[in-house]
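> This is a predicted model, with the sequence first.
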Amino acid sequence: MRLIRYEFVKLFCRRSVLVLFALFSVVNLVKIYSEWDAYSFLADGSGERSWRTVHWNLYDQYRGPITPEKVQQLLAMWQPLAQATADMTANTATDDANSLTGNLYSDRNLLEKYFVDPMQYCYEYGERAASVAEKARQNAEVAAQVSALYQQRESAAIYRIYAGRTVPEFAYAEMANYYLNYDFSLILVLLLGLYGVAGTFATERETQMDRLLLTNPNGGSRTVLAKLVAASGFLLLVIVWFSLLDLAGFVAAFGTFEGLGQPVYAIPSFAEAPVNLSVFQFAILVSALRSAGLWAVGMLWLAVSLQCRNALVSLVVNFALTAALVVGGASVAYSYLVWAKVLDPYSLLAVRPLLSQTEFLDIGGFPVLSWQAALAFSLVIGLIAAAAIYAFSPRNALCPMRRRR
């Protein structure tokens, strides 16, 4: 444990790493704020007729369970506006005393974007999901009749995923949408993780410290094991920190926790998500999968570092390896090459494509969700790399105590 603590301190408490942690955190928060400022229509100030003020005043009336009364009340407000502005001849004044925001077109757009369209999506989603589940059930029956066992199992799995899905409550989902689709912090995570662990072994070989360690009873395999555990802890810390920072940044920028309790498929871009989780639970799953992906890539970084005699060479080679994984993963992210996604650990880091669509792999005649298969393969890759590092690292045979034994 002392060795692990010592190795972790060596990784994390370097001045350059701490500076990068602080710098990247600030950059990430600035980027999140810019997302809100650039894309949210509620970032128009706090005036009496601003979209922000009008939205939150109306929101208290329509949040919660979707009832016929709420739907009728909303339509009674929106339909006259839609009719009045349909032919684009309505009054364009921006100080209309009879409007919510000072302009009829602005009123219509506000209601459509933040109330009518989202509520309609939530209201109709249950029917769409039921249709998918029924189609899957029918396909399973047909497959059973022709003894197509795999197709039967896959259709049954789809049925279990979509059966009973509904979005019974309406909630403000803009913050949750931008939060779940935010990937900028992933770049910072990769850069910080790469810089932190890429030179772990190469630095000691460059200074010949590795030869000195072989004369110590705790050198060799014990030190290597401590480095593996410490590097794993460092990578986990990076993921957890930026996951928490992302959540805190979006909550602070948008000024609300609303939407985190909604089913993740209440977000249109995740309508086909293969998991029945809330947005907050989904975010935890994403962080866990990214941790596994970064750990697997980190073990590959350490394996390269073990073979390099120069820290700069190790950094350059590992950067090239990371770039290859990123380019490869990004090129197949939204393709039908499911195996290609699964075999690239980067797919777990940029995990949104895997979790935004329901797709399976045929493994031994059983349908396995792509994200589950990617998790299993990444763990296998990481374990193989870690085992190879431990097996092929030098032993402390030069230690006098060892020789006397």
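Done, it's in.
> Now the phi/psi pair for F257, please.
Dihedral angles of F257 (phi, psi; degrees, to the nearest 10) stand at phi -100, psi 0.
> Identify the residue nearest it in space, chain neighbours excluded?
Computed as C-beta to C-beta, 6 or more residues apart in numbering, the closest residue to F257 that is not its neighbour in sequence is V251, at 5.9 Å. From N, CA and C alone the C-beta is placed, and that goes for glycine too.
> could you say which helix or strand contains that neighbour?
Using DSSP states H and E, V251 sits within helix 221-254.
> So what angle separates the directions of the host helix or strand of Y33 and helix 221-254?
Per DSSP H and E, Y33 falls inside helix 15-39. For helix 15-39 against helix 221-254, the angle by axes from the mean of the first three to the mean of the last three C-alpha atoms, to 10 degrees is 30 degrees.
> Use 10 as the first number for this chain going forward.
Sounds good: first residue 10 from here, last item helix 24-48.
> Lowest mean pLDDT among the helices and strands of the chain, which one is it?
When each helix and strand of the chain is scored by mean pLDDT, DSSP states H and E, helix 409-413 comes last, with a mean of 46.
> At the geometric centre of the protein, which residue sits there?
Among the residues of the chain, the one closest to the centroid is V295, at 4.3 Å (C-alpha atoms, centre = their mean).
> thinking again about what came up before, other SSEs contacting the helix holding Y42?
Helix 24-48 is packed against helix 183-189, helix 193-206, helix 230-263, with contacts defined by 3 or more C-beta pairs under 8 Å, 6 or more residues apart in numbering; DSSP states H and E.
> got any ranges where the stretch 110-259 of the chain has weak pLDDT?
210-229 (pLDDT under 70).
> circling back: so for the residue nearest to the centre of the chain, what's the nearest residue that isn't a sequence neighbour?
Among residues not flanking V295 along the chain, V360 sits closest, at 5.7 Å (C-beta to C-beta, 6+ apart).
> how about the one you found, what does it touch?
V295, L298, R299, G302, W380, A383 (C-beta atoms under 8 Å, 6 or more residues apart in numbering).
> Tell me who's in contact with the residue lying closest to A240 once chain neighbours are set aside.
Leaving aside its sequence neighbours, A240 sits nearest to V206 (C-beta to C-beta, 6+ apart; 4.7 Å). V206 makes contacts with L20, A240, F243, L244, G307, W310, L311, S314, as judged by C-beta under 8 Å, 6+ apart.
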